[in-house]
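Q: Just to be clear, the model below is a prediction. Sequence and coordinates:
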Amino acid sequence: MHRPVLLVVAHGSRDPRHAATVHALVRRVRSLRPGLRVETGFLDFTLPSVQGVLESLAAEGVRDVVALPLLLTRAFHAKADIPAVLAQAPPRLRIRQAEVLGPSPLLLAALERRLYEAGLTPADKSSTGVVLASAGSTDPEAIAVIAEIAREWRHTGWCAVRPAFASASLPRTEQAVRELRALGCARVAVAPYVLAPGFLPDRIARGAAEADVLADVLGPAPEVARVLLERYDEARMPVPAAVGA
C-alpha cells in the first residue's frame with residue numbers, strides 16, 4: 001500500500017539547539033519505521049522552509065503528504081499558521097494535516113523518563129511535587145489542556161503537580177516551585193513540557209533555580225517518536241463515511 005510522505009512541521013528558532021533536537025527526533029522516527037519517508041520543514045528562522053519542502057516533493061512527483069505539526073497543544077500555530085502555509089502548497093499535492101502531539105499518555109511517559117534520567121526514582125513519586133512547565137500560550141484551549149494534563153498526572157502518584165507557563169500565562173515556573181514547597185512536598189522537580197531547547201525553555205530552567213531536580217526537554221525521547229507515528233497513522237486512515245451517505 002502506498003504510504004504518504006510524513007512532513008514534520010517544526011516552528012523553527014534562531015537557537016541552533018532547536019533544529020538539532022528536531023533532526024534527532026526525526027532520525028528516531030525513521031529508525032522506528034524503516035521505509036517511511038520523513039521530511040522536515042520549518043515555519044520560521046530555519047531552512048528548509050515548509051513551502052520549500054512541499055515544492056521539492058511536488059517536483060519529484062510525490063502526490064500524498066501527511067503534514068504533522070511538531071506541537072504539543074492546538075494553539076495558534078496549529079489552527080492558523082500551518083493551515084495557511086499548507087494552503088499555498090503546489091496543487092498536485094494531496095495534503096492531510098495531522099493532529100498535534102498532545103495530549104497523550106506517551107508524552108506523560110516521556111516526561112517521567114526525563115525526570116528519572118535527572119535523578120528521581122519511582123519510589124520518590126509520593127514525596128515529590130512536580131511543576132509541569134510549558135512554553136505558555138494566549139490560547140485558552142491550550143492553557144486548559146495543560147491544566148488537565150497536570151490534574152491527570154497528579155493521579156499517578158506524585159505528591160502534587162502544578163502547571164506553569166514561561167510566557168503569556170501565569171503562574172511562572174518559580175511561583176509553582178514555591179507553591180509546591182509551601183504544600184510540604186519533600187522535593188520539587190521541574191518537568192519542561194517542551195520539545196526542544198530555546199528561549200522559553202531557558203526561561204523555564206532559570207525559573208527552576210530553587211527546585212531540587214530539573215528534567216531535560218522531551219526532545220528525541222522514544223515515546224515522542226512513537227506519538228509522531230501514531231498521529232501519522234491516524235491522519236492517513238480513511239475518513240469514515242457519514243451514516244446514511
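A: Nice, thanks for sending it over. None of the values given here were measured: they were computed from a predicted structure. Numbers count the residues shown, from 1 in each chain.
Q: Low-confidence stretches in the chain?
A: Applying pLDDT under 70 to the chain picks out residues 1, 76-78, 239-245.
Q: so is the most centrally placed residue in it in a helix, a strand, or just coil?
A: Nearest residue to the geometric centre of the chain (C-alpha atoms, centre = their mean): L72, 3.5 Å. Secondary structure for L72, judged by DSSP: H, G, I helix; E, B strand; the rest coil, is coil.
Q: Test my guess that it contacts P192.
A: No: applying C-beta atoms under 8 Å, one finds L72 not in contact with P192, separated by 10.7 Å. The C-beta positions use only the backbone N, C-alpha and C, and glycine is treated the same way.
Q: Overlap in contacts, these two.
A: Shared contacts of L72 and P192 (C-beta atoms under 8 Å, 6 or more residues apart in numbering): S134.
Q: quick revisit: which ones are touching the closest residue to the residue nearest to the centre of the chain other than its chain neighbours?
A: Nearest non-adjacent residue to L72, counting by C-beta to C-beta, 6 or more residues apart in numbering: G102, 4.2 Å away. Residues in contact with G102 (C-beta under 8 Å, 6+ apart) are L71, L72, T73, V145, I149, Y193, V227.
Q: Let's see if you can find the most crowded of those.
A: Within those, most neighbours by other C-beta atoms under 10 Å means Y193, with 28 neighbours.
Q: thinking that residue is in contact with A147, fair?
A: No: here Y193 does not reach A147: they are 11.6 Å apart, not a contact under C-beta under 8 Å.
Q: Can you name the residues in contact with the longest helix along the chain?
A: Secondary structure of the chain per DSSP state H: the longest helix is helix 16-32. The contact list for helix 16-32 (C-beta under 8 Å, 6+ apart) reads 6, 8, 10-13, 36, 38, 40, 42, 46, 70, 195-198, 217, 219-220, 222, 224-226, 228-229.
Q: Need the contact partners of the next helix or strand after it.
A: Going down the chain from helix 16-32, the next helix or strand is strand 38-42, by DSSP states H and E. If you take C-beta under 8 Å, 6+ apart as the criterion, strand 38-42 is touched by 5-12, 19, 22-23, 26, 29-30, 48-54, 57.
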